[in-house]
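# Output the structure for:
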Amino acid sequence: MTVWLSLHGAGVIKPAESSFNITPGEIGSVLRPTDVNALTGSIIFPMPNLPQNALKFVSIEVSFTACNARVDEVAIICDGYKAFQKKSLRKIRDFNTKVSLPDGNIDGLTRGLALSIQVEFQTVSASLEFRWAGLEIAVSPTLPVASPRCESGTWNVMDVRPWDEPREKTEGWIGFSKEFESPPIVMLSLTGVDIGNEANSRVKVYTSEVTSHGFTVHADSWGNTKLYSCGASWIALGH
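Predicted structure coming up:
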């Protein structure tokens, strides 16, 4: 598949040494010479940076109208040097030209992207109006992004032991109904406890050993707290 990087004619700029005059036109920018001894020169179409999935340059397309003028050369500028150049075009109207690079390799050609266009006027009264210029890029298909998946449930220490056998540490394994692509984020909250009424409430629940298949849930008590029963709810978020 291909995408286009393009710039409207209103965005055209000229090098500092150019004597050409650029003024707004009906559909873009009008270029005119001002010196009879400088009828040939270049203008620049700055382009956005290449997308990360760019594979190679495919073609250059330029849209313009000319009066006693022509486009004689186009070049792709990347990182300050010409990555591609096509001369002797002699175009007097819209055109598209294919781009070829050795092996189609554009590695490293990621910054300072621009199209340089050389114009040749026949007389000092000639003019050329640029509508737009574009660069066609072949890109690799964007991989579909997997939708987030959510799974939730509840757990109780009585899933592991009877209520009348209180322990300081109780743990159990919770398996997911379907494997995640990678270990998900698991959040756990306490939903209720049953402790001896002669003790303070010293209880915590937490997880460990979270994998793509499941996780271990813990219910701990300490001090003089006797934990008969403890419930927790959990939610796993991932892909």
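# Pull up the gap between the residue nearest to Gln85 when sequence neighbours are not counted and Asn21, please.
Nearest in space to Gln85, with sequence neighbours left out and distances taken as Cβ to Cβ, 6 or more residues apart in numbering, is Ala75 at 4.3 Å. Using the backbone N, CA and C atoms, a C-beta is placed for each residue, glycine as well. Distance from Ala75 to Asn21, counting by Cβ to Cβ, to the nearest Å: 22 Å.
# In terms of neighbours, single out the busier of these two.
Shown here are Ala75 and Asn21; by other Cβ atoms under 10 Å, Ala75 has more neighbours (19 against 13).
# Just the mean pLDDT for the helix or strand harbouring the more buried one, thanks.
Using DSSP states H and E, Ala75 sits within strand 69-78. For strand 69-78, mean pLDDT is 94.
# Distance from the chain centre to it, please.
The chain centre lies 30 Å from the centre of strand 69-78; the measure is Cα atoms, centre = their mean, to the nearest Å.
# Quick check: what element follows it along the chain?
strand 81-86.
# Give me the sheet partners of that following strand and which way each runs.
Strand pairing for strand 81-86, determined by DSSP bridges: strand 69-78 (antiparallel).
# ok so, going back, could you double-check that the residue nearest to Gln85 lies in contact with Ala133?
No. The criterion here is Cβ atoms under 8 Å, and Ala75 misses it with Ala133 at 11.7 Å.
# Need the residues touching each of these two.
115, 117 (Cβ atoms under 8 Å, 6 or more residues apart in numbering).
# measure the residue nearest to Gln85 to Thr23 for me?
Ala75 is 24 Å from Thr23, by Cβ to Cβ.
# What is the neighbour count of Ser18?
Ser18 - counted by other Cβ under 10 Å - has 19 other residues nearby.
# just Ile43 next, same as before
For Ile43, using other Cβ under 10 Å, the count is 23.
# got it, and Met1?
10.
# With Ala232 instead?
There are 22 residues near Ala232, going by other Cβ under 10 Å.
# Surely it and Val186 touch.
No. Ala232 is not in contact with Val186 according to Cβ under 8 Å; the separation is 11.1 Å.
# Please report how far Leu89 lies from Ile117.
Applying Cβ to Cβ to Leu89 and Ile117 gives a distance of 9 Å.
# cool, and Thr207?
Relative to Ile117, and taking Cβ to Cβ, Thr207 is found at 62 Å.
# what about the two, which has more around it?
Between Thr207 and Ile117, counting by other Cβ under 10 Å, Ile117 is the more crowded of the two (25 against 17).
# Next, the contact list for that one, please.
42-45, 62, 71, 73-75, 130, 133.
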